[in-house]
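Visitor: sequence first, then the predicted structure:
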Amino acid sequence: MTESVLTESRPHRRIAIVGPSYPYRGGIAHFVDSLDEELRCRGHVTSIHSFRRLYPRLLFPGQTQYEPDADESAEKANRVVDTLSPLSWISCARKIRAEQMEVVVLNHWLPVIAPAMGSIARRLSRHARTVLVVHNAIPHEPRPGDRMLTRYVVRAAHQRIALSQIVADDLRNAFGVDSTVIPHPLYDRFGPAPDRAEARQALRLSPDVPVLLFFGFVREYKGLDILLRAMPDILSTLPEAVLIVAGEFYDPLGPYRDIIATTNIGASVRLDNRYIPTEEVPAFFAACDVVVQPYRTATQSGVAQIAFNYDCPVITTDVGGLAEIVRDGETGLVVATAEPRAISRAVIRFFGEGMAERMRQNIGYERGSRSWAQLADHIENV
């Protein structure tokens, strides 16, 4: 977390945050907890209003919505919101009013959450300033009714923060609302990276082999199948290369295993099909040379924010806001199309031209431009 000092000209505020928090897992929960920590460091009085039920089981493809071995004593949030219960939305708004909060920060990332967030924002509109942080305006995997639900929430708040320019464009073009663009901060909550040699030893990797990392939940839109089909071409030039896939599969595993078998790349691919606990995250990024994100669609990427926190370059496709995050040729490589040949050429170029060290330095120089302080500054000025 960025060390912050509250100046005399910056008054203490009472700020509520609505969104999933520990023990919920995943990027949105990490975002909520990180923002809360930054605001508390500045001396503000904060409260988190989380969910007692987040995703209905029918809509959640994973094994669990919670962190492994979650410690209930470590919870900081009021777990009051139920995605499917309007009474809980009323209760949440009442709790925030009783706390006399001046600013309420709500998070939107999926249409299924929109009725809850929109209703809470509307109930508080005369009592506090409401700010909606929009992670995604258009979902990666759309369903009928998505835009109607999203319109309900994005028009409910007094102000909106978009975490990338593409999200701001979607808000303007699809819903006719303006927003302030604040780049998604780097995720710095996973702890320091171990020594590279130590990390490779822990993951049973040879010291000098090229290592690619695909990290996070596996969904069709993230294009892991594209990367797997690119591996034979990569291995023809970099025969010792290893691809680590670290994350729980939300898609059926069978089709991916079929690609590995038919392309004969099994010896060069490691599938770690599980949610990676917080304490294990640093080793994966310390051990790899580059993170590869062959996404078919995207807005911004929490994975890229973890990678850059560990000065790790990223190879990504030019979709959504990913090209806003990764500066082509400076902090990573941006591929024009989500196709195996394009991905393999970028990977071969990255290693062939020895780009890693220069890119790591560039990422280090830019770290301050993607801090939680920027987001907190904006919220303080609401």
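Guide: Happy to help now that I have it. Numbers count the residues shown, from 1 in each chain.

Visitor: for the stretch 201-350 of the chain, which segments count as helices?
Guide: Along the stretch 201-350 of the chain, the stretches classed as helices by DSSP state H, counting those that start in this stretch are 224-237, 254-262, 281-287, 302-309, 322-325, 340-352.

Visitor: which other helices and strands contact the fourth one?
Guide: This points to helix 302-309. In this structure, helix 302-309 packs against helix 27-41, strand 211-215, helix 281-287, strand 290-293, strand 314-317, helix 322-325, with contacts taken as 3 or more Cβ pairs under 8 Å, 6 or more residues apart in numbering; DSSP states H and E. Glycine gets a C-beta too; all of them are placed from N, C-alpha and C.

Visitor: do that again at 7 Å, thanks
Guide: Applying 3 or more Cβ pairs under 7 Å, 6 or more residues apart in numbering; DSSP states H and E, we find helix 302-309 packed against helix 281-287, strand 290-293.

Visitor: how far off centre is that helix?
Guide: Helix 302-309 sits 8 Å away from the centroid of its parent chain (Cα atoms, centre = their mean, to the nearest Å).

Visitor: using PDB, write down the CA coordinates of that helix.
Guide: Once non-C-alpha atoms are left out, helix 302-309 reads as follows in PDB (Å, rounded to 0.1, in the frame of the first residue of the first chain):
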ATOM      1  CA  GLY A 302      -6.300  -7.200 -12.900                       C
ATOM      2  CA  VAL A 303      -3.700  -9.700 -13.900                       C
ATOM      3  CA  ALA A 304      -1.600  -7.100 -15.700                       C
ATOM      4  CA  GLN A 305      -1.800  -5.000 -12.600                       C
ATOM      5  CA  ILE A 306      -0.300  -7.800 -10.500                       C
ATOM      6  CA  ALA A 307       2.400  -8.400 -13.200                       C
ATOM      7  CA  PHE A 308       3.400  -4.800 -13.300                       C
ATOM      8  CA  ASN A 309       3.600  -4.700  -9.500                       C
END
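
Visitor: show me the shaky parts of the stretch 51-200 of the chain.
Guide: Along the stretch 51-200 of the chain, the model assigns pLDDT under 70 to residues 58-61, 63, 70, 72-74.

Visitor: mind listing the strands for it?
Guide: According to DSSP state E, counting those that start in this stretch, the stretch 51-200 of the chain carries its strands in the segments 78-82, 103-108, 129-134, 159-162, 180-181.

Visitor: quick one on the thing from earlier: would a markdown table of the helices and strands packed on helix 302-309 with mean neighbour count and mean pLDDT be doable?
Guide: Below are those laid out as a markdown table (neighbours: other Cβ atoms under 10 Å; pLDDT from 0 to 100):
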| stretch | mean neighbour count | mean pLDDT |
| --- | --- | --- |
| helix 281-287 | 22 | 97 |
| strand 290-293 | 26 | 98 |
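
Visitor: that older thread, so which of the strands of the stretch 51-200 of the chain is nearest residue 141?
Guide: Distances from residue 141 to each of the strands of the stretch 51-200 of the chain were compared using Cβ to Cβ; the minimum, 16.1 Å, belongs to strand 103-108.

Visitor: elements contacting the closest one?
Guide: Packed against strand 103-108 by the contact rule (3+ Cβ pairs under 7 Å, 6+ apart) you find strand 14-18, helix 114-124, strand 129-134.

Visitor: what's the most buried one of the ones you listed?
Guide: strand 14-18 (a mean of 26; mean count of other Cβ atoms under 10 Å).

Visitor: in terms of secondary structure, what does that strand contact?
Guide: helix 27-41, strand 45-53, strand 103-108.

Visitor: dump the ones you listed to JSON lines, plus mean neighbour count.
Guide: Formatted as JSON lines, the entries for the helices and strands packed on strand 14-18 read as follows, by neighbours: other Cβ atoms under 10 Å:
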{"stretch": "helix 27-41", "mean neighbour count": "21"}
{"stretch": "strand 45-53", "mean neighbour count": "19"}
{"stretch": "strand 103-108", "mean neighbour count": "25"}
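
Visitor: and those: which comes nearest residue 276?
Guide: With Cβ to Cβ, the closest approach to residue 276 among the helices and strands packed on strand 14-18 belongs to helix 27-41: 12.3 Å.

Visitor: so which residue is smack in the middle of this structure?
Guide: The centroid of the chain falls nearest to residue 302 when counting by Cα atoms, centre = their mean (2.3 Å).

Visitor: and the pLDDT at the residue nearest to it when sequence neighbours are not counted?
Guide: Counting by Cβ to Cβ, 6 or more residues apart in numbering, the nearest residue to residue 302 once its immediate chain neighbours are dropped is residue 27, at 3.6 Å. The score at residue 27 is 90. That number is its pLDDT.
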